[in-house]
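Participant: Show me how the following folds:
(one chain, ligands or ions: 1)
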Amino acid sequence: MSSVAETSAIALFCVFGFTISSLVVKRYRSPVTLPLPPGPPPLPVLGNALDIKGDEPWISYTEWGATYGDLIYSPVLNLDIIVINSEDVAKSLLEKRSHNFSDRPLGSVNKLRVGLSFVSALLGYGDTWRMHRRILHQAFRPAASVTYLPTQLRKARELLINLHDSPEDYEAHLQLFTASTIMSIVYGYTTAPRNDHLVNVVERAAAVATKVVSPARAAVLASFPALKSIPSWFPGVSFQREVVECRKYATEMVEAPFKYVQDKMASGATIRSMVSDAVKKDGGVVDPVRREAIKGASATAFLAGAETASSTLRNFVLAMVLNPQIQQRAQEEIDAIVGTDRLPTFGDRDSLPFVEAIIRETLRWHPVLPLGLAHATTSSDVFGGYAIPKGATIIANAWAMSRNEAKYPNASDFKPERWLKVDGSLVDERPDFVFGFGRRFCVGRHLAEASLWSAIASMLSIFNFIKSEEFEPKWTFGATSHPISFPCRIVPRSPCMTLETLTQMIQAETVV
Ligand code: HEM
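Facilitator: Now for the predicted structure:
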């Protein structure tokens, strides 16, 4: 059942099950004297829940922007939701007033005890989050991120071998590339080429977790905590079952890889990882609170980093299939700088501006988190003459920002040249809005961009991505948005590039 259909089913149940008098939308009982930001007229009880288009709320919010502007009030059930449709307003609030706009609205999910209280990205704005953030910053700040470049390049080469071996499985290969890169960096763990036990554990947990904490669920559960007690057989409510499943997988996801690192360290192995670095920083003796924070932050790095990066790579493949002339221009750039006797390395990165522009455009073209991750206010506030309530859910609509025609003319077209000056060098601006805003800005951004570069530059140098039949591109609408499978052939650019030749070329590499 889609999340919106599910929301509606649950909401209808609520309408019949609760006393209407206790369910008046906050718009009508808000004690603030200033008006709330404009927005579509809400229904009593449901607010705008039924006005939101299908499973793509970002599209509705973007369309509403034409009528109501860059700051929209759109309550769902009894949640105050404020949608921000422009980068300028997002910066004014989430960055300049970050002391007030850095909380998360998902406290209700944690109260459900689904086992996700370890997730740094969901933690409220407080001391526990600060401790997680410090651990993550230490591991993924620019100076630390460069130490992972050899791992990222090695994983990109494994991706090439896998793509050559079974191109039809490219989606699985992209997923393995991002999952195994993160597992290696975070836990020093080397994944098996297929069916890796630890990758399966964390991927299964991630899949259930993203379902359980979907924004639709959060809105319904925050409004009607009594829903927690609805039996799992009630039509449309599979929630209880998923909660039990989520708790089990989440515990395994946090504990199993951490134990792997502990065992390795105890055996005297010297494999470097984010976790072993964090443990060693304390001289090996970690107090229990920090130990839980290290476990949580490392599991979060996987949850936040694997799916986002593989979804971005799927968008890249789609963009190449739809735009062969762009693919060819990038390959000509690589051939001119790198040649055809070796593969691109990070040393070539600054000399390949068009490849860099492709990465920026891939991130902008279809943001994989179209609504980012919601923030929340800790106190009431006022902006542009409008009241912003305390505890409001704040959504920075990355989709609307990516569709800003004034900044990105013909915004739905894939045009890497937007990021280039007339002389072919890169403009200073980047599509930073896809990584969020303020104090909650994506902590893995440098790592993510380097992973994308290693995979994209390597793939472009060896393969052509070819449309094998006509199709209408479509995207999924889950925790992340990525292209639904499409017909595509992946073939080596040169007939001489056999699997054996490619393997020899990779084995001969000395500099990464
Ligand atoms: C293309 C890849 C990625 C995209 C598009 C992306 C995007 C985002 C966005 C939109 C947020 C929410 C920011 C906000 O609340 O304003 C976020 C948060 C976060 N990201 Fe990323 N991300 C990516 C890759 C990664 C990677 C590789 C890692 C891990 C190393 C990572 C770790 C995190 C963490 C831990 C947070 C939570 C930060 C906090 O709540 O303080 N992300 N990311």
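Participant: Now for residue 58, how many residues are close by?
Facilitator: 25 (other CB atoms under 10 Å). All C-beta atoms are positioned from the backbone trio N, CA, C, and that covers glycine.
Participant: what's the answer for residue 44, then?
Facilitator: Residues near residue 44, counting by other CB under 10 Å: 12.
Participant: Would you tell me what helix or strand the spatially most central residue of the chain is located in?
Facilitator: In the chain, the residue lying closest to the centroid (CA atoms, centre = their mean) is residue 308, at 3.8 Å. According to DSSP states H and E, residue 308 maps onto helix 288-322.
Participant: what ranges do the strands span in the protein?
Facilitator: 71-73, 81-84, 375-376, 381-383, 386-388, 393-396, 463-467, 488-492 (DSSP state E).
Participant: who does the shortest one touch, helix- and strand-wise?
Facilitator: With contacts taken as 3 or more CB pairs under 8 Å, 6 or more residues apart in numbering; DSSP states H and E, strand 375-376 sits against strand 393-396.
Participant: mind checking how far residue 490 is from residue 380?
Facilitator: As for residue 490, its distance to residue 380 is 53 Å (criterion: CB to CB, to the nearest Å).
Participant: Would you mind measuring from residue 268 to the ligand?
Facilitator: 27 Å (CB to the nearest ligand atom, to the nearest Å).
Participant: and that residue, what pLDDT?
Facilitator: Listed pLDDT for residue 268 reads 86.
Participant: same deal with residue 176?
Facilitator: We have a pLDDT of 93 for residue 176.
Participant: Residues of the stretch 201-350 of the chain that sit close to the ligand?
Facilitator: The stretch 201-350 of the chain has residues 300, 301, 304, 305, 308, 309, 312 near the ligand, with proximity defined as CB under 6 Å from any ligand atom.
Participant: how about these in TSV, adding pLDDT?
Facilitator: As requested, those are exported to TSV (pLDDT from 0 to 100):
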residue	pLDDT
300	94
301	95
304	91
305	92
308	94
309	96
312	98
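Participant: Ranking helices and strands of this structure by mean pLDDT, which lands last?
Facilitator: Ranking every helix and strand in the chain by mean pLDDT, DSSP states H and E puts helix 3-17 at the bottom, with a mean of 36.
Participant: for the ligand, what are the nearby residues on this protein?
Facilitator: Neighbours of the ligand within the chain, by CB under 6 Å from any ligand atom: 120-121, 133, 136, 140, 300-301, 304-305, 308-309, 312, 368-369, 372-373, 375, 434-437, 440-444, 447-448.
Participant: let's see 5 Å
Facilitator: Residues of the chain found near the ligand (CB under 5 Å from any ligand atom) are 120-121, 300-301, 304-305, 308-309, 312, 369, 372-373, 434-437, 440, 442-444, 447-448.
Participant: Contacts only, for residue 449.
Facilitator: Applying CB atoms under 8 Å, 6 or more residues apart in numbering to residue 449 gives the contacts residue 359.
Participant: let's see it at 10 Å
Facilitator: When contacts are counted by CB atoms under 10 Å, 6 or more residues apart in numbering, residue 449 touches 145, 309, 312, 356, 359, 360, 363, 430, 435.
Participant: likewise residue 269?
Facilitator: Residue 269 neighbours (CB under 10 Å, 6+ apart): 188, 261, 263, 276.
Participant: what about the second one, distance to the ligand?
Facilitator: Noted for residue 261: a distance of 16 Å to the ligand, by CB to the nearest ligand atom.
Participant: repeat for the first one
Facilitator: Counting by CB to the nearest ligand atom, the separation of residue 188 from the ligand is 15 Å.
Participant: So what's the residue count around residue 385?
Facilitator: Residues near residue 385, counting by other CB under 10 Å, number 8.
Participant: Which residues are in contact with it?
Facilitator: Residue 385 is in contact with 34, 35, 37, counting by CB under 10 Å, 6+ apart.
Participant: wait, residue 505 sits on residue 344?
Facilitator: No: the criterion here is CB atoms under 10 Å, and residue 505 misses it with residue 344 at 11.9 Å.
Participant: any residues in contact with both of these two?
Facilitator: Listed contacts common to residue 505 and residue 344 are residue 462; contacts here mean CB under 10 Å, 6+ apart.
Participant: Which of these two has more residues huddled nearby?
Facilitator: Using other CB under 10 Å as the criterion, residue 505 and residue 344 rank with residue 344 on top: 24 against 17.
Participant: Quick check, that one in contact with residue 356.
Facilitator: No: in this structure, residue 344 is not within contact of residue 356 by CB under 10 Å, at 11.7 Å.
Participant: Mutual contacts of the two, please.
Facilitator: Counting by CB under 10 Å, 6+ apart, the shared contacts of residue 344 and residue 356 are 453, 456, 457.
Participant: The second one: neighbour count?
Facilitator: Burial measure for residue 456: 24 neighbouring residues, criterion other CB under 10 Å.
Participant: Give me the nearest residue to residue 467, chain neighbours excluded.
Facilitator: residue 321 (4.8 Å; CB to CB, 6 or more residues apart in numbering).
Participant: show me what contacts the one you found?
Facilitator: Counting by CB under 10 Å, 6+ apart, residue 321 touches 327, 464-468, 471, 473, 483, 486-490.
Participant: Repeat that for residue 358.
Facilitator: For residue 358, the contacting residues are 316, 319-320, 323, 326-327, 329-330, 333, 352, 365, 414, 416, 419, 452-453, 456-457, 460, by CB under 10 Å, 6+ apart.
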